[in-house]
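In: sharing a model that was predicted from the sequence below.
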Amino acid sequence: MIQGWWQRLQAHRQTAAVARRPIPDDLWKRTLGRYPFLRRVDPADAIELRRLTSLFLDRKEFSASGGLTLRDAMVVAIAAQAVLPVLRLGLGRYDGFVGVVVHPGLVVARREFADEDGLVHEYNEVLAGEAMEGGPVMLSWQDAGRGGRGAAQAYNVVIHEFAHVLDMADGAADGVPVLPPDLTRSDWLRILHAEHTALQARVHAGEPTVLDPYGATSEEEFFAVASEAFFVDPQAMQAGHPALYGLLTRFFKQDPAQDTPAPRRV
């Protein structure tokens, strides 16, 4: 009885949230046109993607920095790309943070590290996005906005950073998100290690890669880069990395090579 009551209450709250943050039909159509990998073949998935986008907008706090003015088209585009990885996992995966900070372009962050002798070194790092444990998630609109046009290169900063959010949900940024019961950590690590090592070898040899070479830097970046390719250029990833593609279908519970219509040619 109590469980059924709670489920009805949650459903009522979500319905109210979607009503508070409706997405106009014309804006949604423009968003799908700009980011073709968002289009779902299954009608139920298409409805759920739009519903989760509204829920994301209701639950998260968007803010602008660097003189940027946020518009409806911008926040809807970011939200829709952010919820695509959790389409089958549920928006609860993002409960650990609230804020999304959007900059007009790349951000220069001041970093420091201590070497083996204890000396502290400072340097600048140029960022298109950054996800921190507990939030916020920082994004460059210059990069987030062109995530659709960059589909052929499997580049998507929004999916990349929200893959980091999934990765850090257990408190560790190590390329291993919270896995479903039917996917063991040993199975995950076996494929992840092998694929990451293979990418490192190809990058070192100067060979072309399906995945962004940045993924060779660490296994946490490899998971984020692989997630980009999985959703944005799934056919190429499935052909070039079948084992890795199969692993991600088990985790995300999606098969975008089959679920995503091919982009229209003009």
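Out: Arrived safely. Residues are numbered from 1 along each chain as shown.
In: going forward, measure contacts between C-alpha atoms and count neighbours the same way
Out: Fine.
In: got the contact list for stretch 46-55?
Out: Defining contact as CA atoms under 8 Å, 6 or more residues apart in numbering, one finds that stretch 46-55 is touched by 14, 17-18, 21-23, 28, 39-40, 76, 79-80, 83-84, 87, 91.
In: that one - what's its average pLDDT?
Out: For stretch 46-55, the mean per-residue pLDDT is 96.
In: next one: stretch 85-99
Out: Mean pLDDT, computed over stretch 85-99, is 96.
In: alpha carbons of that stretch, as CSV, please.
Out: Extracted C-alpha coordinates of stretch 85-99, given in CSV (Å, rounded to 0.1, in the frame of the first residue of the first chain):
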residue,chain,number,x,y,z
PRO,A,85,22.3,8.9,-21.6
VAL,A,86,19.8,8.4,-18.8
LEU,A,87,16.8,7.8,-21.1
ARG,A,88,16.5,4.2,-19.7
LEU,A,89,18.4,4.7,-16.5
GLY,A,90,16.3,7.4,-15.0
LEU,A,91,16.9,11.0,-14.1
GLY,A,92,17.7,10.0,-10.5
ARG,A,93,21.2,9.3,-11.7
TYR,A,94,21.7,13.1,-11.7
ASP,A,95,20.3,13.8,-8.2
GLY,A,96,23.8,14.5,-6.9
PHE,A,97,24.0,18.0,-8.3
VAL,A,98,21.8,20.9,-9.2
GLY,A,99,23.7,23.7,-11.0
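In: next SSE after the helix or strand of the chain with the lowest mean pLDDT?
Out: One helix or strand of the chain scores below all others by mean pLDDT, DSSP states H and E: helix 2-20, with a mean of 65. With elements assigned by DSSP states H and E, the helix or strand that comes after helix 2-20 is helix 25-34.
In: and the angle for whichever helix or strand comes after that next one with helix 25-34?
Out: Using DSSP H and E, the helix or strand that follows helix 25-34 in sequence is helix 43-59. Counting by axes from the mean of the first three to the mean of the last three CA atoms, to 10 degrees, helix 43-59 lies at 110 degrees to helix 25-34.
In: what about helix 43-59, distance to the chain center?
Out: Centroid displacement of helix 43-59 relative to its chain, using CA atoms, centre = their mean, to the nearest Å, is 15 Å.
In: check the gap between the spatially most central residue of the chain and residue 105 for me.
Out: When CA atoms, centre = their mean is applied to the chain, the residue found nearest the centroid is residue 159 (2.1 Å). Residue 159 is 17 Å from residue 105, where distance means CA to CA, to the nearest Å.
In: next one: residue 49
Out: From residue 49 over to residue 105 (counting by CA to CA), the distance is 27 Å.
In: of these two, who's got more company?
Out: More crowded of residue 49 and residue 105, by other CA atoms under 10 Å: residue 49, with 23 against 18.
In: circling back to that earlier point, give the contact list for the residue nearest to the centre of the chain.
Out: Residue 159 touches 81, 82, 84, 85, 224, 227, 228, counting by CA under 8 Å, 6+ apart.
In: any idea which element the last one lies in?
Out: Element membership for residue 228, per DSSP H and E: helix 219-232.
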